[in-house]
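> Got a predicted structure plus its sequence, pasted below:
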Amino acid sequence: MAHDLKITAPRRPTGSNLAVLDAEATWEARIDLAACFRMAAALGLSEGVCNHFSAMVPGSDDLFLVNPYGRAFSEVTASSLLVCDFHGNVVAGDGVPEATAFHIHARLHARLPRARVAFHTHMPRATALCMVEGDPLVFAGQSALKFWGRVAVDPVYGGLALDEREGDRIAAAIGDADIVFMRSHGVMVVASTIAKAWDDLYFLERAAEVQILAESTGRRLVPVPAEVAAHTAAQMAIEDIDAHLVSVKRRLAVTDPDFAT
């Protein structure tokens with residue numbers, strides 16, 4: 001399902017502050033993003049070489065980091081990440097992005113400036129909820145309440161995103177949400193920081209896992225009352241999100257240390 005990107009008429013970057021590529025903040029973002037790739041692979045949240053994470057380069061509004069075509073999540077390192085602009089130019093790194101990665105993420109970042117980070121996966125349990133009728137999440141478990149009021153559903157499956165139209169449609173479907181379940185496809189998490197995107201991605205799959213396990217009993221799920229769900233979501237919104245990614249990097253430093261190279 002992976003396709004390499006072919007840009008027939010690449011354009012020179014315009015308005016890009018290329019000096020930010022050498023900034024310490026950019027290297028830290030590379031390390032954080034690489035850590036997310038490696039831990040996602042370790043937890044079984046990736047699929048071949050098809051899924052993609054992206055993050056806007058710190059200090060830039062038109063350059064983003066993304067994984068290169070042909071590398072599994074478990075192979076990604078901080079230095080292997082590409083920097084692309086919204087026209088398909090690779091301004092730093094070896095290789096090209098996967099075609100659907102570019103056409104989705106470039107349009108999403110361009111159209112939704114608040115989405116500094118975008119994680120797209122076909123992680124199995126959350127993706128399973130993209131394939132059933134009705135609302136994907138039943139807000140019956142505590143982990144699901146993290147996403148109360150933050151979820152959208154893209155009800156149209158339009159095939160592979162091999163041009164800008166599909167990326168534009170997905171961006172429009174997200175609207176004000178942070179999580180979008182894409183029918184027959186997978187999920188997208190958008191956030192202001194890499195740490196927030198990672199935390200949401202992890203708990204989204206956990207919420208889907210326990211929901212599917214509960215539904216497998218054949219008994220009716222009991223949703224949390226709306227006022228309690230909203231209160232709990234507000235409590236979760238002020239948690240120390242950064243601590244989760246710090247823990248991931250600390251664990252990888254022992255088990256998978258080359259992620260930071």
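Noted; the coordinates are in hand.
> how about the nearest residue to residue 169, chain neighbours excluded?
Residue nearest to residue 169 in three dimensions, not counting chain neighbours: residue 158, with 6.6 Å by Cβ to Cβ, 6 or more residues apart in numbering. Every C-beta, even on glycine, is put in place using the N, C-alpha and C of the backbone.
> Quick one: classify the one you found as helix, strand or coil.
With DSSP: H, G, I helix; E, B strand; the rest coil as the basis, residue 158 sits in coil.
> Run a quick neighbour tally on it.
By the measure other Cβ atoms under 10 Å, the count of residues near residue 158 is 14.
> if I pick it, what's in contact with it?
Taking Cβ atoms under 8 Å, 6 or more residues apart in numbering, we find residue 158 in contact with 165, 166, 169.
> residue boundaries of the strands in this structure?
Across the chain, reading from the start of the chain, the strands by DSSP state E fall at 52-56, 63-66, 82-85, 90-92, 117-121, 151-154, 179-182, 186-191.
> Mind putting the ones you listed into TSV with mean neighbour count?
Rendered in TSV, the data for these read as follows (neighbours: other Cβ atoms under 10 Å):
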stretch	mean neighbour count
strand 52-56	25
strand 63-66	26
strand 82-85	24
strand 90-92	17
strand 117-121	26
strand 151-154	19
strand 179-182	24
strand 186-191	24
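> and of the ones you listed, who's closest to residue 259?
Each of these was checked against residue 259 via Cβ to Cβ, and the shortest separation belongs to strand 52-56, namely 13.0 Å.
> Quickly run through the sheet partners of that closest one, with directions.
Sheet pairing for strand 52-56, assigned by DSSP bridges, gives strand 63-66 (antiparallel), strand 117-121 (antiparallel).
> Thank you kindly, that will do.
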